[in-house]
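Enquirer: Could you look at this predicted model? Sequence included:
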Amino acid sequence: MTGGMDQRTAQLETLRNLLKQLDITPEQLLHGTTAASVAVPTFDEYVWQVAEAVSPGTRRVYGSYWQRICQHWGTRRITEPTPLEIKRLAEEIRRDVVVRRNARGGRTAAEHLIAAMRCIYRHAVMDGLIRQADNPAARVAKPRRLASTRRALTETQLAAISNIATTTGNDPHLDGLLIRLHMETACRRGGALALRRRDLDPDNCLVYLREKGGTSRWQPVSPTLTRHLLTHHAERGDGDQNAPLLRYRDGRALTYRRYDYLWRRVGTHLPWVVAQQVSTHWLRHTTLTWVERAFSYAVARAYAGHSGKNDVGTTMTYVRAEVQEVAAALAALTGEPHPLASDPSRQDHPPRAQFAAD
């Protein structure tokens, strides 16, 4: 009798382990609610449902990769690709990437492809179309990220950029305002383009920034910048407090294309801007580096709008030591002057951007 009970106990334990491996509960067996009972869509059917469920920023980043996925596997069901197939597709996209001056071997393209696949399967898990244990994209590692080549601009470099922005082009007032806005707030392009008149608090000299990841914050700005933003709205706005703040001369809302035009123009006058692929994000890097050096890491983290636990490492990309500081250390070590050490990025006052002359 005891032997029979032991055998039954062993069989039940085996059954429990099997159900656990299959990620199926006894309740699912009773009610027939296992994932296998759900009709699985094809990539053509499902990808664009996901596209409608994500934020505009996510859609902008992953959109082209979703198109490539549908071109390759549009008629296949989302449960069919294996981790190996996903890795092969990522490598194919990595090889096909357009080689530019700042290209890094297609790493970013491969990373975005895998991230785009993970986004699809994350929603598929939420919809009960696939179990998390069967998620093929989760088992494909992203390429290791290389350290960013961005660095803080020196005061001389920023002055040169600001001078070109405010003395050339078809709208130097607008471009000067953009440079000053990004230098003071260290905001991203999306944060600047999302500004509305209602986001200005003139009494306390604050602007309300909405940036990636749905984050938002009140950011201090100078009285001078506050005054110029209000003047800009008065001259180019339509009176709508909820409409975009930054506008062209004809009243159209600003887009990312203005930034492309601005840096192309600056690059025609300053070859090193083209050579080093300087962009608006370098202004953010410059400000945050100075804030960390002059105040503290905590202040730099708040200035950057980094608030989550995962943002601790992100802040470090902006506050690492720059080549000018290494050069200064070398000059002190050897007792010989170094050309970069003569203009260090660390200063008693921050690099400043100018407005266009009235």
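Expert: Good, I have the coordinates. Numbers count the residues shown, from 1 in each chain.
Enquirer: Can you pull the poorly scored residue ranges out of this structure?
Expert: Counting by pLDDT under 70, the ranges of the chain that qualify are 1-5, 22-38, 97-105, 146-148, 308-334, 336, 338-358.
Enquirer: Looking at the record's assignment, how would you partition it?
Expert: Using automatic domain parsing, the domain parsing of the chain gives 43-139, 155-334.
Enquirer: Tell me which of these sits nearest to residue 20.
Expert: With Cβ to Cβ, the closest approach to residue 20 among the domains of the chain belongs to domain 43-139: 10.4 Å. C-beta: built from backbone N, CA, C; applies to glycine.
Enquirer: Quote the end-to-end distance of that closest one.
Expert: For domain 43-139, the separation between the terminal residues is 19 Å (Cα to Cα, to the nearest Å).
Enquirer: And for the residue nearest the centre of the chain, nearest residue in space, chain neighbours not counted?
Expert: In the chain, the C-alpha nearest the mean C-alpha coordinate belongs to residue 212, at 6.6 Å (Cα atoms, centre = their mean). Excluding the flanking residues, the one nearest residue 212 by Cβ to Cβ, 6 or more residues apart in numbering is residue 57, at 5.6 Å.
Enquirer: what comes up buried for the host helix or strand of that neighbour?
Expert: Per DSSP states H and E, residue 57 falls inside helix 56-73. Neighbour counts over helix 56-73 (16 or more other Cβ atoms under 10 Å) mark 58, 61-62, 65-66, 68-70, 73 as buried.
Enquirer: end-to-end on stretch 68-83?
Expert: 17 Å.
Enquirer: Show me how far that stretch is from its chain's centre.
Expert: 26 Å (Cα atoms, centre = their mean, to the nearest Å).
Enquirer: Could you point out which of the buried residues of helix 56-73 is nearest to residue 51?
Expert: Closest approach to residue 51 among these (Cβ to Cβ): residue 66, at 6.4 Å.
Enquirer: Distance of residue 168 relative to residue 180?
Expert: Using Cβ to Cβ, to the nearest Å, one gets 16 Å for the distance from residue 168 to residue 180.
Enquirer: okay, these two: which has more neighbours?
Expert: Remark: of residue 168 and residue 180, residue 180 carries more neighbours, 25 against 14, as counted by other Cβ atoms under 10 Å.
Enquirer: Got the phi and psi for that one?
Expert: Backbone torsions of residue 180, given as degrees, to the nearest 10, read phi -60, psi -40.
Enquirer: wait, it sits on residue 225?
Expert: Yes - using Cβ atoms under 8 Å, residue 180 is in contact with residue 225, at 5.7 Å.
Enquirer: shared neighbours of these two, which are they?
Expert: The contact sets of residue 180 and residue 225 do not overlap (Cβ atoms under 8 Å, 6 or more residues apart in numbering).
Enquirer: before we move on, the earlier item: distance to residue 9 added to the domains of the chain, as TSV?
Expert: Converted to TSV, these look like this (distance: least, Cβ to Cβ, whole Å):
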stretch	distance to residue 9
domain 43-139	27
domain 155-334	44
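Enquirer: which residues does residue 211 contact?
Expert: 187-188, 190-191, 194, 305.
Enquirer: Nearest residue to it in space, please, no chain neighbours.
Expert: Residue 211 sits nearest to residue 191 (Cβ to Cβ, 6+ apart), 4.3 Å away.
Enquirer: Would you check that the one you found makes contact with residue 210?
Expert: Yes - shown here, residue 191 and residue 210 form a contact pair, counting by Cβ under 8 Å, at 6.4 Å.
Enquirer: Tell me which of these two has more neighbours.
Expert: The neighbour comparison of residue 191 against residue 210 (other Cβ under 10 Å) goes to residue 191, with 25 against 16.
Enquirer: now that one: how far from residue 275?
Expert: Per Cβ to Cβ, residue 191 is found 27 Å from residue 275.
Enquirer: got it, and residue 174?
Expert: When residue 174 is compared with residue 275 (using Cβ to Cβ), they lie 26 Å apart.
Enquirer: Neighbour count for the two, which is higher?
Expert: Higher neighbour count among residue 174 and residue 275: residue 174, with 22 against 11, using other Cβ under 10 Å.
Enquirer: residue contacts, the residue nearest to residue 211?
Expert: By Cβ under 8 Å, 6+ apart, the residues touching residue 191 are 185, 209-211.
Enquirer: now for those, which pair is the farthest apart?
Expert: Using Cβ to Cβ, those span at most 12.2 Å, a distance reached by 185 and 210.
Enquirer: and which of the buried residues of helix 56-73 is nearest to residue 240?
Expert: Of all the buried residues of helix 56-73, residue 240 sits closest to residue 58, with 27.2 Å by Cβ to Cβ.
Enquirer: Helices of the stretch 151-300 of the chain, residue ranges please.
Expert: 155-167, 172-185, 189-193, 223-236, 256-269, 271-275, 280-294, 297-304 (DSSP state H, counting those that start in this stretch).
Enquirer: before we move on, the earlier item: next, the angle from the helix holding residue 57 to helix 256-269.
Expert: 90 degrees (axes from the mean of the first three to the mean of the last three Cα atoms, to 10 degrees).
Enquirer: Would you mind pulling up the elements that helix 56-73 packs against?
Expert: helix 43-53, helix 83-96, helix 107-126 (3 or more Cβ pairs under 8 Å, 6 or more residues apart in numbering; DSSP states H and E).
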